Structure formats: structure tokens, C-alpha cells
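> Structure for the following, please:
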Amino acid sequence: MIVTWIGKQLLTICMQMNLNEAIQYYPSIIDPKKCNILSHYAELVAKERGPVFEPNNTEARKVFAYNLSQDNVQDNLYRDWVKSYITEILSKYMKKFKFLTVENANLTTQLLRYPVGNYYKTHTDFHKEQPRVMSFILNLNSDYIGGQLYFTDQNEKLSTFFALGTGDIVCFPSNYLYPHGIMPITKGTRYSIVAWII
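Model prediction:
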């Protein structure tokens, strides 16, 4: 009898928890001038197809990507910009989610260019090769159609949807509870930065 009551109470508490609360949206955070500079840079350097973790599923991700390198002076400037915005957002995020710790974490960043027809199918960001803790999407422009960020439940049923504007940032845990993707671009080119804390 007591076990049944505890089980029902635990089930009630779990049902009341909303996993979407950990998906945080911060509008118009990035300076529009920096968004413009980064978009132009992405147009110049994001020429290679973005990698996928499942080599047999190359159609899961159709986007051009460029990893910002520590060995390149210009890349380092842009990495510093990204890091400053992520530090600001992470500070706000950690005030809300007090048990998150990211001491001595590494930040990896990728510039992305999504022309018409490009997309990223439903996926998660944590992989054994790269055990990511937090994911950040920094949107650099809004003059495109399509390209919405979406999150699904475990059955790939749509749960949350964002049509991001210039300078918007979304952050969320990288783990298996947050499958997400980018809808196909139907007009224009979407520029963004993805960053992960490892």
C-alpha cells in the first residue's frame, strides 16, 4: 500500500517536470554588426560538408561547416567573440540550473552555412567521441525561409519549435533527452554558429 502511494507520487512528480525548461532562448544577444561579419566569414570559409557521427548516415546532415581554429588569428578573434556571448548566457543559465557545473570545460565552435535545401535531421549532440555537456546555437541572420530549430520527444514528435532571429541564442543540455534538428531551408541562406561545452 505504501509502495503504491510512493510510486504514484513519484510518477506525478515526474509528469510535472517539463524537460523543455532546460531549453533556454535568449533573443537578440549578439551585436548585429558582429552577426554580419560572422555571416560573411561563414560564406567564405564554410565550404566542406559538415561531419556526421554515424558514417553510414551521411544524409542526416546537409550543411556546410567550418571549425574555428585556435591556430588561426582571425578564427581566434571570432572564437573570443563567441566565448564572451556563451559565458554571458552560461552565467544566466547556471543561476537557473544550480546543479550544472562546467569547470575547466573546453569549448568547440563551428560556423555553419545552410543554403536552400540544407537541413539537419533529428539528432542529439552527445557522442562517445565528443562527450558534450551543453549545446549552444547562435543565429547570425534572419533573411531566409525555413531553417527553424525544432526539438522532439523520444518518438520524434515535435515538442518545441523556434524561428530564430538575428543574434538569438538557444542553449540546452547535449544529452539524449534533447533530440533536435534544423528544418530545410526553402529560400535564402541561414548562417549560424554551433558551440559545445565538452
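> contacts, neighbours, all on C-alpha from now
Fine.
> Could you list the buried residues of the helix ranked longest in the chain?
Ordering each helix of the chain by length in residues (DSSP state H) puts helix 73-96 first. Neighbour-count burial for helix 73-96, counted by 16 or more other Cα atoms under 10 Å, picks out 78, 79, 82, 83, 85, 86, 89, 90, 93.
> Need those in JSON lines (columns: distance to residue 162 and pLDDT).
Converted to JSON lines, these look like this (distance: Cα to Cα, whole Å; pLDDT from 0 to 100):
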{"residue": "78", "distance to residue 162": "25", "pLDDT": "97"}
{"residue": "79", "distance to residue 162": "25", "pLDDT": "96"}
{"residue": "82", "distance to residue 162": "21", "pLDDT": "97"}
{"residue": "83", "distance to residue 162": "23", "pLDDT": "95"}
{"residue": "85", "distance to residue 162": "19", "pLDDT": "97"}
{"residue": "86", "distance to residue 162": "19", "pLDDT": "96"}
{"residue": "89", "distance to residue 162": "18", "pLDDT": "96"}
{"residue": "90", "distance to residue 162": "20", "pLDDT": "94"}
{"residue": "93", "distance to residue 162": "18", "pLDDT": "96"}
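> Can you name the two of the residues you listed that sit furthest apart?
Greatest spatial distance in the buried residues of helix 73-96: 78 and 93, 22.3 Å, computed using Cα to Cα.
> Confirm residue 103 sits in a strand?
No - applying DSSP: H, G, I helix; E, B strand; the rest coil, one finds residue 103 to be coil, outside a strand.
> Give the burial count for it, as a bare number.
6 (other Cα atoms under 10 Å).
> Please report the distance of it from residue 120.
As judged by Cα to Cα, to the nearest Å, residue 103 and residue 120 stand 30 Å apart.
> try residue 20
Counting by Cα to Cα, the gap from residue 20 to residue 120 is 20 Å.
> more neighbours, those two?
residue 120 (20 against 15).
> Beta-bridge partners for that one, please?
residue 61, residue 182 (DSSP bridges).
> Renumber starting at 135 from here on
OK, 135 is where the count begins now, so the last one is residue 254.
> Please enumerate the helices of the chain.
Using DSSP H, helices in the chain cover 136-150, 166-179, 207-230.
> In terms of mean pLDDT, which of these ranks lowest?
Lowest mean pLDDT of the helices of the chain: helix 136-150, a mean of 45.
> Give me the buried positions along stretch 301-313.
Residues 301, 302, 303, 304, 305, 306, 307, 308, 309, 312, 313 are the ones in stretch 301-313 that count as buried (16+ other Cα under 10 Å).
> Brilliant, that's me finished.
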